[in-house]
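J.: one predicted model, sequence on top.
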Amino acid sequence: MEMIKTQDLTFTYPGAEGEGNTRALRGVDIEIERGSFVVVLGHNGSGKSTLAKTFNAVLLPSGGKVYVEGMDTADEALLLEIRRRVGMVFQNPDNQIVANVVEEDVAFAPENLGVPSAEIRKRVDDALEAVGMSKFVKHAPHLLSGGQKQRIAIAGVLAMKPECIVLDEATAMLDPVGRREVLAAVEKLNREQGITVVLITHHMNEAEHADRVIVMNDGIVMMDGTPREVFTRKKELENIGLAVPDTVSLLFSLREAGMDVPVDAITVEECADVILKNLT
Amino acid sequence: MLKDITLGQYFPGDTLAHKLDPRTKLLVTVLYVVALFTAKSYIAYGLLILTLVLAVRISHVGAKALFKGLKPVLFIIAFTALLNLFYTPGTELCRFWIFRITVEGIRAAITMMLRITLLIMGTFLLTYTTSPIRLTDGLESLLNPLKKIRVPVHELAMMMSIALRFIPTLIEETDKIMSAQKARGADFETGSLMQRAKALVPLLVPLFVSAFRRADELATAMECRCYHGDEGRTKLNVLHYQTRDYLVLGYYLAVVVVVIVLR
Amino acid sequence: MEEIIRVENLTHTYGEGTPFCRSAVQDMSLAIRRGEFLGIIGHTGSGKSTLIQHLNGLLKPTSGRILLGGEDIWADPKKIRSVRFRVGLVFQYPEYQLFEETVYRDIAFGPTNMGLSRDEIDRRVREAARFAGLSEDLLEKSPFALSGGQKRRVAIAGVIAMEPEVLVLDEPSAGLDPQGREELLANIRAYHRERGTTVVLVSHSMEEIAKNVDRIIVLSDSHVLMSGTPREVFARGDELMSAGLDVPQVTRVAMKLREGGLAISPDVYTVDELSAELIALKRGGGRAC
């Protein structure tokens, strides 16, 4: 069974007075497989963030359905279970921290779920270890860097023992170091614990190691495939306001000049490799 | 700059006082205050001063910090003392101009000064040895029985702890907004009271807007982590009374009894 | 080119006398030339934010001097406000400082504080809005009714409206999507070209800096690590990487190609340049080294 499935999903934000409604999602049908690492790309306003918020019932569909492991997100009785299974990390690191001490913040979710005290302790320690923040257990979260705060947020979600973690532009406000830390943390969780990861972003290079890339534009899915498949559609991506990594631009440029190089060597290493092969 | 403010002057430590259950500390502070205001005889006051000294010793508070805690209230102490000194009826000792000093006046002034000083020092010790979070936990636990009469104890405690958590964040944000507005020529320092109040608008509006946005985002984040009120909620750190708590509570109860008896 | 700002042996220490004492900037000296488009790069903790707050007198040096137009800005501390009108500083995520009822009035905040006439303020507001890419019909709207990207432009317009001699922008494109980023930087470039204002762009993104500036200053660990044209700086890619800084993707590809034996110029940092060199190599017969 898929982790998440949407069926003809539409969502409309009610408009302010005198303005029309905004149709953020105009019919989305996707299935997210368990254990996969999916990146959802799109410019601001493409609907990618709205889509993410329907995955754990923060937003309910205006039309169509969203299923989490078969459970309908519109079913109120299942709300808590759905949110336990699909955890979410948000963009602003500060506005998801509830407590004054790291361990208390990570404990927040299991406390809400009525987990016994001793078990909470174990979950908190395990979660912090999984994101590499064990030594900060008694620290004050507001003194941490952006990347560290986001990792605490991830730990807070992990403590619920979720099946899936959705990161809603969780790296947008971070510096390059923080971004790397967060990506490394979720890649590790996906690899080692089989947690499904859905990463919403507008940074192409974050999709380098994904299993699948979904490109949103104007409320619909425009492209859906492996990073290699998607990145090579350079013109289309540029038309909708996204930029391919420089490596891909370079390969395209070489190809246009007649060199026989593949355009899907997206990482620096791969790109250099194929060029060297061609020239030596 | 503004970042240097630490709320309630909590200093982390490993003393006996730090290790006491926060509920114990809250209760004994209340008991101490009751004793302070019921005390009449000199022996009673002596006992109360002794108790404070003991408390200071086991919290390892420096005398300097303790007296710094008194600074804000020095004016009130002086004012109350003078009021009592000059306006208590009784056996006159001396008089000059419109002021009369009586024996009772002197005694009242001294007792008032003593009471306020000991009161401030006592509560200072409470906040010095107990982190805001622990205080809130302790308060929530003590007030729990009130849930039976529908007092929203959990909600109030949650509000308090979230407020405490955001104080440093909001201070940081205030700093940033002030810098940004100063960079456009805002002047928060000079001018009449009226001018300075107006100058606060570019600071307060963004701060409020931001606070509302934060609240909204935080609420969503909390719900995504399955927050649904008090029902079925457990805690990571459960409060447990230890032997030392019972001993300390016992001691303070005894002090109260003695003080009452000595009236 | 003459200098407009000179930083002389600047040291800034936070929390002196407390256990949290630390120097965010240590003995830093640099010069900003009149009319240039300068980029400042440094990782978090390198002293970037502290440095730029000294440029407009928001922070006072623990030691050292800041010279604007040859004069110490702290010579008369009472006049420090006037420095802020000459050196405009746009902070990160500036949209969080908007407060007025209309976009027009928010942009007018700076000029109003300068005590200018109504006509002059009006002229400046409209021109600033134009430079920031805001259409006139937005002027009468509430800033809170705008999108994030538009709000940011309002905030930037608010500083441009002071017509500063130097405009310092701290990560102006942070959080914007690629298209938004491109558009905003194009606006800033156009502003630089048309007005000739000295522009200082502080950024994390090597690619962004590389594509836009005349000269780069690299900060690391509260010191100046190196300075020079983009070409000169990226030629020292190894040093940058050891300092924990990122280097443009293209430069990293070039480095790998050189390791693999190809004769690529050490200072290549754009796609077009590298592409041209590779094509030339191919036409010239492949391997050369």
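T.: It's in.

J.: the residue in the stretch 51-200 of chain C positioned nearest to chain B: what's it in contact with?
T.: Minimum separation of the stretch 51-200 of chain C from chain B (Cβ to the nearest Cβ) falls at residue C:113, amounting to 3.2 Å. C-beta coordinates here come from the backbone N, C-alpha and C atoms, glycine included. Neighbour list for residue C:113: B:184, B:185, B:186, B:187, C:85 [criterion: Cβ atoms under 8 Å, 6 or more residues apart in numbering or on different chains].

J.: just give the number of residues close to the residue lying closest to residue C:230 once chain neighbours are set aside.
T.: Once flanking residues are discounted, residue C:230 sits nearest to residue C:210: 5.1 Å by Cβ to Cβ, 6 or more residues apart in numbering or on different chains. The local packing of residue C:210 (other Cβ atoms under 10 Å in any protein chain shown) involves 22 other residues.

J.: for residue A:7, helix, strand, or coil?
T.: strand (DSSP: H, G, I helix; E, B strand; the rest coil).

J.: picking up where we left off before, tell me how far the residue of the stretch 51-200 of chain C closest to chain B lies from chain A.
T.: 30 Å (Cβ to the nearest Cβ, to the nearest Å).

J.: tell me who's in contact with residue A:121.
T.: residue B:236.

J.: in which helix or strand does it reside?
T.: Here residue A:121, judged by DSSP states H and E, is contained in helix A:117-130.

J.: ditto for residue A:64
T.: Element membership of residue A:64, judged by DSSP H and E, is strand A:63-68.

J.: so what touches the helix or strand that that strand is followed by?
T.: Where DSSP H and E defines the elements, the next helix or strand beyond strand A:63-68 is strand A:71-72. Contacts with strand A:71-72, where a contact means Cβ under 8 Å, 6+ apart, come from A:65, A:66, A:78, A:81, A:82.

J.: contact partners of the helix or strand the fourth one falls within?
T.: Think residue A:81. Element membership of residue A:81 [criterion: DSSP H and E] is helix A:79-85. With contact meaning Cβ under 8 Å, 6+ apart, helix A:79-85 is reached by A:56-57, A:68-69, A:71, A:73, A:109, A:113, A:160-164, B:223-226, B:228.

J.: buried set for it?
T.: Buried positions in helix A:79-85, judged by neighbour count with 16 or more other Cβ atoms under 10 Å in any protein chain shown: A:79, A:80, A:82, A:83, A:84, A:85.

J.: so what's the third one scoring on pLDDT?
T.: Residue A:82 carries a pLDDT value of 96.

J.: give the contact list for the residue of the stretch 1-150 of chain C found nearest chain A.
T.: Across the stretch 1-150 of chain C, no residue is closer to chain A than residue C:44, which sits at 5.1 Å (Cβ to the nearest Cβ). If you count contacts by Cβ under 8 Å, 6+ apart, residue C:44 has them with A:145, A:175, A:177, A:178.

J.: ok, how many other residues are close to the nearest residue to residue C:97 once chain neighbours are set aside?
T.: Leaving out its chain neighbours, the residue that sits closest to residue C:97 by Cβ to Cβ, 6+ apart is residue B:180, at 4.3 Å. By the criterion of other Cβ under 10 Å, residue B:180 has 26 neighbours.

J.: over to residue B:40?
T.: Counted with other Cβ under 10 Å, residue B:40 comes out at 12.

J.: now residue B:204
T.: Residues near residue B:204, counting by other Cβ under 10 Å: 12.

J.: was I right about residue B:166 contacting residue B:214?
T.: Yes - Residue B:166 lies in contact with residue B:214 (Cβ atoms under 8 Å); the separation is 7.3 Å.

J.: quick check: residues of the stretch 151-263 of chain B near chain C?
T.: Listed as neighbours of chain C in the stretch 151-263 of chain B under the rule Cβ under 8 Å from any Cβ of the partner chain: B:173, B:176-177, B:179-187, B:201-202, B:205-206, B:209-210.

J.: recalculate using a threshold of 10 Å.
T.: B:173, B:176-187, B:189-190, B:199, B:201-210, B:213 (Cβ under 10 Å from any Cβ of the partner chain).

J.: buried subset of those as a PyMOL selection?
T.: The buried residues among these can be selected in PyMOL (16+ other Cβ under 10 Å) with this line:
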select buried, chain B and resi 173+176+177+178+179+180+181+182+183+184+185+186+199+202+203+205+206+207+210
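
J.: which parts of chain B are strands?
T.: For chain B, the strands defined by DSSP state E occupy B:92-96, B:99-102.

J.: related to what we said a few turns ago, list buried residues within the contacts of helix A:79-85.
T.: Using 16+ other Cβ under 10 Å, the buried ones in those are A:56-57, A:68-69, A:71, A:73, A:109, A:113, A:160-164, B:223-226.

J.: residue 66: what's it in contact with?
T.: The chain I'm using is chain A. By Cβ atoms under 10 Å, 6 or more residues apart in numbering or on different chains, the residues touching residue A:66 are A:4-7, A:9, A:11, A:28, A:51, A:54-57, A:59-60, A:72-74, A:82.

J.: correction: the question concerned chain C.
T.: C:5-8, C:10, C:51, C:54-57, C:59-60, C:72-74, C:83, C:87 are the contacts of residue C:66 under Cβ under 10 Å, 6+ apart.

J.: now stretch C:58-72: buried residues?
T.: C:58, C:59, C:61, C:64, C:65, C:66, C:67, C:68.

J.: just checking, the last one touches residue C:31?
T.: No - taking contact to mean Cβ atoms under 10 Å, the distance of 11.8 Å between residue C:68 and residue C:31 leaves them out of contact.

J.: surely residue A:21 and residue A:10 touch.
T.: No - here residue A:21 does not reach residue A:10: they are 11.3 Å apart, not a contact under Cβ under 10 Å.

J.: higher neighbour count, these two?
T.: Taking neighbours as other Cβ under 10 Å, residue A:21 and residue A:10 compare with residue A:10 leading, 18 against 11.

J.: hmm, that one is touching residue A:59, no?
T.: No - with contact defined as Cβ under 10 Å, residue A:10 does not reach residue A:59; the gap is 11.4 Å.

J.: find the residues that touch each one of those two.
T.: Joint contacts of residue A:10 and residue A:59 (Cβ under 10 Å, 6+ apart) are A:24, A:25.

J.: how many neighbours does residue A:176 have?
T.: Count around residue A:176 with other Cβ under 10 Å applied: 17.

J.: got phi/psi on it?
T.: The phi/psi pair for residue A:176 (degrees, to the nearest 10) reads phi -50, psi -40.
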